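Student: have a look at this prediction, sequence included:
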Amino acid sequence: MLRVTDLTKTFGGLKALGGVSLHIPEKRVLGLLGMNGSGKTTLLNCINGLYEPSSGDIQLQGTSLLGLPTHKIAARGVGRTFQVPKLFPRMTLLENLAAPFTTGDASDAEVYERSAEWLNRVELYRLRHNYAEELSGGQQKLVELARMMVAQPKLVLLDEPFAGVNPSLALLIIRLIEAMPERDGCSVLLVSHDLTSVYQLSHNIVVLHEGRVLAEGGAAEIRSNPDVIEAYLGA
Amino acid sequence: MASSLGGVAAPAEGRSGDARVGRIRISLWIVVALGVVLPLLAAPALTENLSFSFYLMLWIILCTSFNLVAGFTGYMPFGYVAFYGVGAYATGVLHKTYGLPMPGALVCAALAGAAVSLLLAPTLRLKGVYFGIVSLALAVIFRLVVSMLPEDITGGSMGLILARANDPQTTYYVTVAVLAACLAAAGWLAFSRTGVALRAVRDDADAAAIVGIDVTRTRLKAWVLAATFPAVVGGLEAWYTNAIDPEASFNILVTAKVIVYSMAGGLGTLLGPVLGAGALYGIDHLIWQKFPVLNLMFLGIIIMVMILVFPRGLVGSFAQRFPLLRRYIP
Amino acid sequence: MTADLLLQGLINGLILGLIYSLIGLSLNIIFGVLRVVNFAHGEFIILGAYAAYFLQRLLGLSPFLAMPVIFVMFALIGWALYFVLVKRLARSDDPETASLLVMFGLSITLGALMLFFFEADARSLDYMLEPPFLMFGNIVIPTTRLVALAITLVITGITAWFLYRTFPGKALRAVIMNRSAVATVGIDVEKLSAMTFGIGLGFAGVTGVLLAMIFPAFSPFAGADYTLIGFIIIVLGGLGHPIGALVGGLLFGVTEQVTVVLADNSVALLVGFALMIAVIFFRPSGLFGRQQLR
Ligand SMILES: Nc1ncnc2c1ncn2[C@@H]1O[C@H](COP(=O)(O)OP(=O)(O)OP(=O)(O)O)[C@@H](O)[C@H]1O
Ligand SMILES: [Mg+2]
C-alpha cells in the first residue's frame, strides 16, 4: 500500500529524517515508535504533503506522491489525524464531517448517512449540532478520527491517537483502530507513545531514533531488541 | 451499505429533523432577502427621497460581499475599497471618456473588479496581519496610480463628472437588481458545499487540505465573488452621483464602514452583515447629518467596542446566548 | 550635477530613514511583545507634534525640552491604554487581527478628535536654528535635520542599551522570542506588556516632535501617512524585529529620497510600496525576520 524509500527531510541545518524506509502492506497496521523529536510527525507530514521531503520517495499503491499538493494526496485516499486535533472549531460536528465531501459527488442524503454513522461509532451523535470548539480534548480526538474515516480512506496516518485521552475513550479508540484493517479496509500508520496499545494493535513495528530506523519487526522482537531497550525504553 | 452496519445508523427522527433544520435555514434566508428587497423595490412609489434607500442598498451589498471573504474565508482586507474604486473608475472612464453606454460600463466594472481580484490573488498566500497591511497598502497604491494617470482619461486628481448619465430612477432599479443578485449569490455560496469548504479553510487551512479541500481554489472563488460586487457598487455610485474622484473612490472610510457594519451584525453568518448594515447605516445617517466630524469619532469608538465587547456581533452573540436556535440562523 | 543631486538624495534618505526607523522601531517593539499592530501609531505621532506645539504656545517650552516631557506623557497614556484596550484583546478568536481592528478604530477616533479640536489647518513649530543650512561642498543640509539626526542617534543608542543591557530590556526581548516560556520563568508579562506599550507610544510622541521639526507643517490628516510608512518599514525589516526596523527605515528613507530626486513625491511613496510588496513575496518574514508567517 505505502512504500517510503530513503526519505530525508532537513530544516535548515537540522536533519529531522535521515533516510527512512518503510513499507505498509494492504490492510495492515504499522506501529511507529520513537522518542520525542525522533521525526515521527515529520514523517507523517511528508507523507501527506504538508512538508516537502528533501530527498527520497513516497509511493502509494505504486505511484509516487511526491510533488502532489496535500488535497490531492487526500483525494487518493490518505487520511490523517494530528497530535493536537485540528478540527474546524466554528463548525458543527455534522459540518466537520461533511467537509471531506465538499469535492466529491456523494448525494446530501449519503453524506448525512455516513456522517451520522461515524458520529454514532464515536458515540457523539447527540452532539452533532455543537460547534467543535465546544467539545473536550478527548472528544475532539474522536471527531477528528470520525472526520478522517468518513471519507473511506485507504491509508490512515494516526499521530498519537491516545494522547490526553482517558482510559475509557482510549478503549473506544483502540476498538476503532482494531476494526480499521478488516471492517473499514484500510492500512494504518500508528504513531504512539503508548507501547501496550502499539504492541497490541500493530502487525509490524518500526522504531525511529534521531530520524533513522533503529529497529523493525514484530512486537516480540521489538520488545527484546537491545538497541531499542537502550535508546528508547531506557534502562 | 452504511445503514446495514447494525446499530450505527442515524435514528430516523434525528435524520428527518436535521434535514428540516437545513430547509428552515434556507427558507429563513429567502424570507430575509425578500424582506429586504421588496420594500426597497417599492420605495420609489412611497417616497421622494431615494438617496437613503439607495445608499442602504450599497452598504448591504458591500457588507454582504465583504462577509464572503472576511466571514467565510477569514481574511481581513483593509484595502477592500480598492475594488469599489476600480469599479467606479472603470465605469466613469468607459462611459465618459470612451462613450460606452452605462449598462456596458457596469458590466465592464464587474469584469474589472474580478480581474483586479485575480491580479491580487497572490496576496492570499499571506496570513493575518501581513495580509491586512498589504491589502491596505495596495488600496493606497491604486489611489496613487489612478490619480497619476493621464488627465484626459481619468481627469487626474480632479476626477470626472458624468453629467450625461444622470438618471437616478434607473440607477435605483438597477441597484435593486444587483442587491437581489448579491443576496442570492451569498446564499448560494453559504448553503452550497463550497460554503462548507470555505468555512473549513477559514477555521484551519491545513486541516481543510487534509480532508481533500483545494485551499487555494476555494479561497479564490470567494475572493473573486467578493471583489466583483463592490466593483459594480462603485460603478452604481458613480452613476448615481455623476462624479468620481480618487479621494472619494478610494477612501479608506469605505473599508472602515464596511468592517464596522458587518462586524456589528456578525461576520460568518448571512444575516449578520445585512442586519448590521441596516441598523448602523441608519444610525450613521442620522448622526452624520447633525455632526459630521463627531460621526467619524463614533465610528472609531464603535469599532473598538464591537471588537472588545461583542467580537461576534449581534447575530453571533445571539447564537452564543441561544445555542439551540443557532442551527436555524442563516 | 545629477550625481550631486543623487548624493544629496542619498544623504537626505539616510537622515530621514534613520528618523523613520524610529517609527518602525516603536511599532516593532509593540508588535514583538504584544502581537499588536498599532494602526493608530501615526495619530500618536501627530499628537506628539501637537503636544510640542501647545507646550510651546502655552508654557514657552522649546521643542527640545518638550521631548522628554512628551515621552513621559505618552508613556503614561500608553500604560493606561494597555489596560483599557490591549489587555482584553487576548480573549478574542484571532488576537492579531482583532488588534489591527481595534487600533484601526482608535486611529479613526483620534483622527476625528484632532480634527475636532485642532481643525484641519496645518500648524508648525516656531523655532530657528543658526545657521539654517550647512553646506558640504555641493550638498546642502538643513541644520534641523542634522540636529534631529543627532537626537535620533541618541534615542536609538539609549534604546539599544535598554534592550541589550538592562534587565527589563532583556526581559522584553525574551518575550519577543518566546512569550509562553517567559511567563513560566517568573517575569511579570503583564507589567512588561504595559511598559512596552508605554514606551512604544512615548517613542511615537517624540518621533512626532522630530518630524514636526524637519517637516515644518503638520495636520491631523498626516497620521495615516506615517502609519503607512511605519508599516512599510516593519514589513521590510521583519515584523517584531527591532534591528530590522532600523534597516527597513534606512532602506525606505533612501528609496524615497532618491526617487524624489528622480521623479516626484507620489512616485516615491509608490516605489516604497513596491519595495515592500516585493519583499513580502520574496522574503515573507522580512529582510531580518526569522519567524514564520504564523
Ligand atoms: N516546521 C519545522 N521547522 C523546524 N524544525 C522542525 C519542524 N517540524 C519539526 N521540526 C524538528 O524536527 C524534529 C522532529 O520533530 P517531530 O515533530 O517529527 O518529532 P516527533 O517524533 O513527532 O516528536 P513527538 O513525539 O514529541 O511528537 C524535531 O527536532 C523538530 O524540532
Ligand atoms: Mg509528533
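Tutor: Great, that's in hand. Ligands and ions are numbered 1, 2, ... in the order given.
Student: residue 136: neighbour count?
Tutor: All of this is about chain A. Using other C-beta atoms under 10 Å in any protein chain shown, A:S136 has 12 other residues around it. Backbone N, C-alpha and C define where each C-beta goes, glycine included.
Student: ah, I was thinking of chain C
Tutor: If you count neighbours by other C-beta under 10 Å, C:F136 ends up with 10.
Student: so what pairs up with it in the strands?
Tutor: Beta-bridge partners for C:F136, by DSSP bridges, are C:I139.
Student: quickly note the distance from it to C:I15.
Tutor: With distances taken as C-beta to C-beta, to the nearest Å, C:F136 is found 13 Å from C:I15.
Student: cool, B:R202 as well?
Tutor: 45 Å.
Student: check contacts around A:T41.
Tutor: A:T41 makes contacts with A:Q83, A:D159, A:V191, as judged by C-beta atoms under 8 Å, 6 or more residues apart in numbering or on different chains.
Student: now the first one, what's its secondary structure?
Tutor: Same thing as A:Q83. coil (DSSP: H, G, I helix; E, B strand; the rest coil).
Student: and it, what pLDDT?
Tutor: Looking at A:Q83, its pLDDT stands at 91.
Student: over to the last one?
Tutor: A:V191 is assigned a pLDDT of 94 by the prediction.
Student: do the same with the second one
Tutor: If you check A:D159, the pLDDT there is 93.
Student: count the neighbours of it for me.
Tutor: Neighbours of A:D159 using other C-beta under 10 Å come to 22.
Student: ok, now how distant is it from chain C?
Tutor: 20 Å (C-beta to the nearest C-beta, to the nearest Å).
Student: likewise A:E133?
Tutor: 9 Å.
Student: low-confidence ranges in chain A?
Tutor: For chain A, residues meeting the criterion pLDDT under 70 lie at A:232-235.
Student: for chain C, what's its nearest residue on it.
Tutor: Residue nearest to chain C within chain A: A:R90 (8.0 Å; C-beta to the nearest C-beta).
Student: for that residue, phi and psi?
Tutor: A:R90 has phi and psi values of phi -100, psi 30 when expressed as degrees, to the nearest 10.
Student: for it, give me its contacts.
Tutor: A:R90 sits next to A:Y131, A:A132, A:E133, B:R199, B:R202, B:D203, B:G268, C:D93 when contact means C-beta under 8 Å, 6+ apart.
Student: please name the residues that touch residue 64.
Tutor: No chain in the question, so chain A it is. A:D57, A:I58.
Student: ah, I was thinking of chain C
Tutor: Here C:F64 is in contact with C:I151 (criterion: C-beta under 8 Å, 6+ apart).
Student: any idea whether it is helix, strand or coil?
Tutor: helix.
Student: how much space separates it from chain A?
Tutor: For C:F64 relative to chain A (C-beta to the nearest C-beta), the value is 47 Å.
Student: how about C:P131?
Tutor: From C:P131 across to chain A, the span is 54 Å (C-beta to the nearest C-beta).
Student: just checking, that residue is part of a helix?
Tutor: No: secondary structure of C:P131 (three-state DSSP): coil, not part of a helix.
Student: what's near enough to touch the nearest residue to it once chain neighbours are set aside?
Tutor: Closest residue in space to C:P131, ignoring its immediate chain neighbours: C:T143 at 6.4 Å, by C-beta to C-beta, 6 or more residues apart in numbering or on different chains. Residues counted as contacts of C:T143 (C-beta under 8 Å, 6+ apart) are C:L129, C:E130, C:P131, C:P132, C:F133, C:L134.
Student: and with 6 Å instead?
Tutor: Residues in contact with C:T143 (C-beta atoms under 6 Å, 6 or more residues apart in numbering or on different chains) are C:L129, C:P132, C:L134.
Student: using CSV, please lay out those together with neighbour count, distance to A:G164 and pLDDT.
Tutor: Shown next, in CSV, are those (neighbours: other C-beta atoms under 10 Å in any protein chain shown; distance: C-beta to C-beta, whole Å; pLDDT from 0 to 100):
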residue, neighbour count, distance to A:G164, pLDDT
C:L129, 13, 67, 75
C:P132, 9, 70, 77
C:L134, 13, 68, 79
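Student: of the residues you listed, closest to chain B?
Tutor: Nearest to chain B, judged by C-beta to the nearest C-beta, of the contacts of C:T143 is C:P132 at 31.9 Å.
Student: can you give me phi and psi for that closest one?
Tutor: Dihedral angles (degrees, to the nearest 10) for C:P132: phi -70, psi -30.
Student: now A:M91
Tutor: phi -130, psi 150.
Student: likewise A:Y131?
Tutor: Taking degrees, to the nearest 10 as the convention, A:Y131 sits at phi -70, psi 150.
Student: where does residue 19 fall, secondary structure wise?
Tutor: Looking at chain A here, since you left the chain open. Element membership for A:G19 (DSSP states H and E) is strand A:14-24.
Student: wrong one, I was asking about chain C
Tutor: helix C:2-34.
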